[in-house]
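# I need the structure of the sequence given here:
(one chain, ligands or ions: 1)
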Amino acid sequence: MKNTKRSVTYKIIAGYLLAGLLAVITFWVIYQQLNNYTQITEIKNENNEKLFLIGEAITGLYEAESLNRNIIQTSDITKFDIYKNKIDTILQTINKVSEISDDTLQTHKIDSIKYLIDSKNKNLEELITVYEQRKQKGLYETAIDELKKVNKSFDGYSNYNIRFKKYDPRTRRALINILEYTKKDNAKRLTNQTVDSLATSVKQVLVELEQKDKKYKQEVSVKENELLKNDQIITKQLRDLLAAIDRNERKQYFARLEASNQVLNNTSNIIIVIAGISLLIAILFLFLITKDVSKSQKYRIELEAEKTYTESLLKTRESLINTVTHDLRSPLNTVIGYSDLLERTGLDNKQKHYLKHLKKSSDYILHLVNDLLDLSKLEAGKMVIEKLPFSPKELIENTISSVIPVSDNKNLTIKIITDDQLKKQYLGDPFRIKQVLTNLINNAYKFTDEGSITIDSKISINNASKEQLVVSVKDTGIGITKEQQHYIFEEFSQGDDNTEKRYGGFGLGLAITKKIIKLLNGQIKLESKLGVGSEFIFYIPLKRSSLLVPEEDPEITKIQNFTNKKVLIVDDDPSQLTLTSEVVTLTGLTYDICKNGIEAVSLLQANQYDLVLTDIQMPKMNGFELLEIIKTNPDQSNLPIIALSGRTDTSFLEYQNAGFTASLQKPYAPQELINLIAEVFNVTIANHPHNTPPNSLVNEHYSLSDLMLFAQGDTDSLYAILNTFHQSTIDNINELKVSIKKRNIDHIKTIAHKMIPMFKQIKAKEVVSILEKLEHPSKYHLDTDSILNLTTNGIEKIESLIDKLKAKH
Ligand code: ADP
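Numbers count the residues shown, from 1 in each chain. Have a look, this model is predicted:
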């Protein structure tokens, strides 16, 4: 699909490029053609001008010719000037032709024309001369006429030159001679006879002259004819030459006309060809693009079909998961329920071992089923988000205590840092936040074998200036590689192939966590280094609750002014550790827990505490030894330490002398410890009357009312305490059973001592009396066998009590 889209784009781009190229070529070719055409047209114009001038010259020549003929016919010399002007005009026209002509042959021809015109002019001048000579042909008759008038008018006449001015010199001379002669001899010799003979002579002379003149005239006429002929020849030559040029120019004109037509034809042909090619290219690309578009259309239809199919698959998957998980949950609850019942029956160790596996597997499946259900709900957008008032601090602390087992076999240091602001009431979905926290803390605990887990929480202001809950869960565990960090938030993805084998899990926790956080409009960040540890930080926007929900517990008064004070609780009994932690939580103090003196020493080195609450009888290092170590450290010599012990044989004074600030005997009531802590910190507290515990918590075998005080009336917390108690009791029973086998009376005494406070706390009198005997058998004069029998009896009683308690939650 993507490829088709890209190919369509490429084709469109190629189409545009080709069209552009074609346009450039077309423009270039047409420009060239137009250029050619313009050149041809320019030449054609020149050619036209030349043709016009030549035509003008030829016409002029004809006119000159006719003028010439007219002059010859009329012998009107006055028209010679007009003729001359005409010839000059023709010469000018020919010069113009010469100016615009760049053809050498033509230039030569024009030179010849000029030469011929010149010759013609010369011819004309000669002709004029001839005409002038011919004009004199009437002078002899005039001379004779004059001679006839001689007798009367000749006297006194002297100025012949003026009189005969109009004759040519020869005639003039002859006449003058004659007249001078007649004049001289006029007086004596001139008689009529003489005059007659003179006239006859003159006449004769004149006849001779006339004959000579005739001859001359003939000669002139011959010359004239010759000249005229010559002129005709010149004119003809001129006409021929001009006609040749004219022909040539016409030829060229037609050739150019043809060339320009050719150019026009070529241009139109080129335009037709280019238009044809463009059309072909357009059709080709249209075809290719249509093909691609129809292909992509086909893919789209296929994709839509696939999408519909996938959606139906997802729907089927959702309903399958819902059905399977629902159908699994019911029988699974039955399995778990019956396993619990089975556990309460008298089972041998092997059976208990099998049952343990059965329960573990059932828990595993239940966890998986719950996760699958959540995932399916999240994917289908069916997970409902609530808006309830809650105290984040309480929620975080409860979650931590419910996730991290009190009897931590891994020796991890659990650090809890909570901001005081978290005590306030906020609106949000505590259940989902708890789910997120549980997943993260569970993972931190699962993937950390040594070191610490730090849960740091606060309220901060986000980019939108809104309050947000920020929780960081940091561990010193195996860490996550950069590569793994990219996919561990996806469903069914785990760090590597060995993770499942080594740590269990099914790779859904983080996927669900991320989806829930997204649903809560928050975000999650991860920073991790392989082999160093991981830190998951999540941010969830919260609003302050306007509801007036009491922040203080009505049953237990929290100690005021305890802010920023931190307590270290040391106890080897997980149940006691839980109880003490609950009380410390009630006071609003923060705390760390550890289960022996050695751990306490290292925590004291690493952190700053304001109070230590310690058990006395503990393995490895007892409370007195721990006290001694703390007091020898100058930095901590003033640190208040309260002894919390189940010992009945040590008095208050003994603790005081040893250096303890105060002591409290287990089991104690929460208020007793709170009062003691208030005393140590020198603060006053107001007492509130306690509510009477509900009847359901009290019967002849035990009373949970004290425990309920620790749990602030919260049944969830109570069950959490009971759970820890249950677990630690089973561990203690197992240890007692081993001790029976080994006949280890000392260990039985230790275990009994450890167990007494908790059973006293729940007022299990029967069990407490057995345990007290086991703690101090010498007081009751018991021998080894009696101790062992009493232990077996005690175990039975404890197990039955535990079963009864188990049925409660
Ligand atoms: P799982 O059920 O496997 O714990 P998750 O979705 O909770 O599934 O976690 C996915 C994977 O992320 C785990 O398999 C593990 O490899 C890695 N991971 C999660 N949390 C941690 C942690 N705190 N330290 C190291 N690895 C972790």
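# I'd assumed Thr454 was in a strand, is it?
Yes - membership of Thr454 in a strand is supported by DSSP: H, G, I helix; E, B strand; the rest coil.
# I figured it hits Ile400, correct?
No - counting by C-beta atoms under 8 Å, Thr454 sits too far from Ile400 to count as a contact (10.9 Å). Glycine gets a C-beta too; all of them are placed from N, C-alpha and C.
# Between these two, tell me which one has more neighbours.
The neighbour comparison of Thr454 against Ile400 (other C-beta atoms under 10 Å) goes to Ile400, with 21 against 18.
# Torsion angles phi and psi at Ile461?
The phi and psi torsions at Ile461 (degrees, to the nearest 10) take the values phi -100, psi 130.
# all helices of the stretch 151-300 of the chain, in order?
Ranges of helices within the stretch 151-300 of the chain are 160-163, 169-184, 192-344, based on DSSP state H, counting those that start in this stretch.
# Identify the contacts common to Thr454 and Ile400.
Ile416 (C-beta atoms under 8 Å, 6 or more residues apart in numbering).
# how many neighbours does the residue in the stretch 601-750 of the chain that the ligand sits nearest to have?
The minimum distance from the stretch 601-750 of the chain to the ligand, using C-beta to the nearest ligand atom, falls at Ala606 (20.9 Å). When neighbours are counted by other C-beta under 10 Å, Ala606 registers 11.
# Find me the pLDDT at the residue nearest to it when sequence neighbours are not counted, would you?
Counting by C-beta to C-beta, 6 or more residues apart in numbering, Ala606 lies nearest to Thr413, which is 7.6 Å off, once chain neighbours are set aside. Thr413 is assigned 86 on the pLDDT scale.
# wait, what's in contact with whichever residue of the stretch 251-400 of the chain sits closest to the ligand?
Distances between the stretch 251-400 of the chain and the ligand by C-beta to the nearest ligand atom are smallest at Asp371, namely 8.1 Å. If you count contacts by C-beta under 8 Å, 6+ apart, Asp371 has them with 506, 508-509, 512.
# Just the buried residues of those.
Buried members of those, counted by 16 or more other C-beta atoms under 10 Å: 508-509, 512.
# Would you tell me which one of the residues you listed comes nearest to the ligand?
Nearest member of the buried ones among the contacts of Asp371 to the ligand, counting by C-beta to the nearest ligand atom, is Gly509, at 2.6 Å.
# coming back round to it: ok, and which of the buried ones among the contacts of Asp371 reach the ligand?
Restricting those to those near the ligand by C-beta under 6 Å from any ligand atom leaves 508-509.
# Next step: the buried ones among the contacts of Asp371 restricted to helices.
Here DSSP state H is the test, and the buried ones among the contacts of Asp371 give 509, 512 as lying in helices.
# before we move on, back to that, what's across from the residue nearest to Ala606 in the sheet?
Judged by DSSP bridges, the bridge partners of Thr413 are Ser452.
# change the start of the numbering to 90 and stick with it
New numbering, starting at 90: the last item is Thr502.
# JSON lines please, covering the helices of the stretch 240-389 of the chain and showing mean neighbour count.
As requested, the helices of the stretch 240-389 of the chain are exported to JSON lines (neighbours: other C-beta atoms under 10 Å):
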{"stretch": "helix 249-252", "mean neighbour count": "12"}
{"stretch": "helix 258-273", "mean neighbour count": "16"}
{"stretch": "helix 281-433", "mean neighbour count": "14"}
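# rank those by pLDDT, which is bottom?
helix 249-252 (a mean of 64).
# what helix or strand is the residue of the stretch 340-489 of the chain closest to the ligand on?
Assigned by DSSP states H and E, Asp460 belongs to helix 438-468.
# and after that helix, which helix or strand comes next?
Of the helices and strands lying after helix 438-468 in sequence (DSSP H and E), the nearest is strand 477-479.
# The residue nearest to Ala695 and Ala751, how far apart?
According to C-beta to C-beta, to the nearest Å, Thr502 stands 26 Å off from Ala751.
# Over to Thr115?
Distance of Thr115 to Ala751, computed by C-beta to C-beta: 106 Å.
# now Ala695
Applying C-beta to C-beta to Ala695 and Ala751 gives a distance of 25 Å.
# Please list the residues of the stretch 440-589 of the chain that sit near the ligand.
Applying C-beta under 6 Å from any ligand atom, we find that the stretch 440-589 of the chain lies next to the ligand at 528, 532-533, 536, 564, 566-569, 577, 583-584, 588.
# So among the residues you listed, which ones count as buried?
The buried subset of those - by 16+ other C-beta under 10 Å - is 528, 532-533, 536, 564, 566-569, 577, 583-584, 588.
# could you dump the helices of the stretch 240-389 of the chain to TSV with distance to Ser740?
Listed next are the helices of the stretch 240-389 of the chain as TSV, based on distance: least, C-beta to C-beta, whole Å:
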stretch	distance to Ser740
helix 249-252	196
helix 258-273	194
helix 281-433	41
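# In TSV: these, plus distance to the ligand.
Converted to TSV, the helices of the stretch 240-389 of the chain look like this (distance: least, C-beta to the nearest ligand atom, whole Å):
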stretch	distance to the ligand
helix 249-252	153
helix 258-273	149
helix 281-433	17
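# Relative to Leu742, which of the ones you listed is closest?
Distance to Leu742, taken as C-beta to C-beta, is lowest for helix 281-433 among the helices of the stretch 240-389 of the chain, at 45.1 Å.
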